[in-house]
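Q: Structure of the sequence below:
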Amino acid sequence: MTSIALVSLVNRPAEHAECRKSLLRGGEDPRVAGWHVIHPNERGWNAAQGLNAGLDAAAGDWVVLVHQDVRFPPGWIDRFTEQVGALPGTVAVVGAAGTTRAGTFRGHLVDPNGHCFWPPPAADVLTLDECLLAVRGGGTLRFDPLVPGFHCYGAELCLRAAAEGRGIRTIDAPVLHLSTGRLDAAYAAASKYVLEKWGPTYGHFIPTTAAEIVDPARASAWRRFLGRFVRRNSTRTDEGPCASPVCGDLLAALRSAPHP
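A: Alright, predicted model coming up:
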């Protein structure tokens, strides 16, 4: 039996309670080895510091780091544990959606944009969307506490895992994320840190699901053109193996839930 522990950064307890209820709607599940709630604002922590505290405390085959504004469809634990149980031991981080080195989207989720299905939904990627990241338990992989604020910490973790020869993958276990995020000054500061650290390794162009992290003065014109072209033409379709009933449940929840 594959066990999971969950970690959430919480500043809106009522919203997190809805997240928890959506996963454990049938009561406690023996595969869930705890849900660690971290209040980073109370400790003056950034996202990386808070999630590292959760990883240190959690005990499970996989540790699922999930935003408080995520909702799970019925049967999500079954889908997740079945898929991660079949992964090779070299895969260290998985998520619901991500981007390849070329900038192509992969994965499967529902957000305020609707049903986001980027086939194949289970694929090797470079970076993962931070709404849901799962780290293989029992390891030493941790977030860089110097990534400022609450953005880009997941991208940095994935880049470091890749540099260490570990696998990063999307799996087909969609969730509902009630927010698409905000590209503000805090995002700019975090992306600047990641670009300074990893830009030379990746041609000063790092694709993420939120945006390309790019140094236009140092990235090649071809790299910038290819990234824009791929993102503009990245396939998003309502067709797919989970279009019904799983995504029907998630879309219904999207329509009924208030957006943060």
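Q: looking at it, residue 187 is touching residue 152, isn't it?
A: Yes. The pair residue 187 / residue 152 is scored as a contact, 7.2 Å apart, by CB atoms under 8 Å. Every C-beta, even on glycine, is put in place using the N, C-alpha and C of the backbone.
Q: out of those two, which sits in the more crowded spot?
A: Counted by other CB atoms under 10 Å, residue 187 and residue 152 do not tie: residue 152 has more neighbours, with 31 against 18.
Q: Now that one: closest residue in space, sequence neighbours ignored.
A: Once flanking residues are discounted, residue 152 sits nearest to residue 190: 3.9 Å by CB to CB, 6 or more residues apart in numbering.
Q: Over to the one you found: give its phi and psi.
A: Backbone torsions of residue 190, given as degrees, to the nearest 10, read phi -70, psi -40.
Q: If you tally nearby residues, what's the number for it?
A: 23.
Q: helices and strands of the protein: which one bottoms out on pLDDT?
A: Every helix and strand in the chain was compared by mean pLDDT, DSSP states H and E; the lowest is helix 221-232, with a mean of 60.
Q: before we move on, the earlier item: for the residue nearest to residue 152, list the residues it contacts.
A: For residue 190, the contacting residues are 147, 148, 149, 150, 151, 152, 153, by CB atoms under 8 Å, 6 or more residues apart in numbering.
Q: wait, which of these is closest to residue 58?
A: residue 153 (16.6 Å; CB to CB).
Q: mind checking how far the closest one is from residue 64?
A: Residue 153 sits 15 Å away from residue 64, going by CB to CB, to the nearest Å.
Q: can you give me the helices in the stretch 1-150 of the chain?
A: 13-23, 40-43, 47-57, 76-85 (DSSP state H, counting those that start in this stretch).
Q: could I get those helices as CSV with distance to residue 169?
A: Listed next are these as CSV, based on distance: least, CB to CB, whole Å:
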stretch, distance to residue 169
helix 13-23, 21
helix 40-43, 27
helix 47-57, 19
helix 76-85, 9
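Q: Need the winner for burial among these.
A: Highest mean neighbour count of these: helix 47-57, a mean of 20 (counted as mean count of other CB atoms under 10 Å).
Q: same question for it, mean pLDDT?
A: Predicted confidence along helix 47-57 averages 98 (mean pLDDT).
Q: Going by contacts, tell me the helices and strands next to that helix.
A: strand 4-9, strand 32-38, helix 40-43, strand 62-66, helix 153-163 (3 or more CB pairs under 8 Å, 6 or more residues apart in numbering; DSSP states H and E).
Q: now what about it, what contacts it?
A: Applying CB under 8 Å, 6+ apart, the contact partners of helix 47-57 are 7-9, 36, 38, 40, 43, 45, 63, 65, 135, 142-147, 149-151, 153, 156.
Q: Check the residues you listed for burial and list the buried ones.
A: 7-9, 36, 38, 40, 45, 63, 65, 135, 143-144, 147, 149-151, 153, 156 (16 or more other CB atoms under 10 Å).
Q: Show me where the stretch 151-260 of the chain dips below the pLDDT cut-off.
A: For the stretch 151-260 of the chain, the stretches flagged by pLDDT under 70 are 218-219, 221-246, 257-260.
Q: Which stretches in it count as helices?
A: 153-163, 185-198, 221-232, 246-256.
Q: so the second one versus helix 47-57, what angle?
A: Helix 185-198 runs at 70 degrees relative to helix 47-57, counting by axes from the mean of the first three to the mean of the last three CA atoms, to 10 degrees.
Q: how about helix 185-198: buried residues?
A: Across helix 185-198, burial judged by 16+ other CB under 10 Å covers 187, 190, 191, 193, 194, 195, 197, 198.
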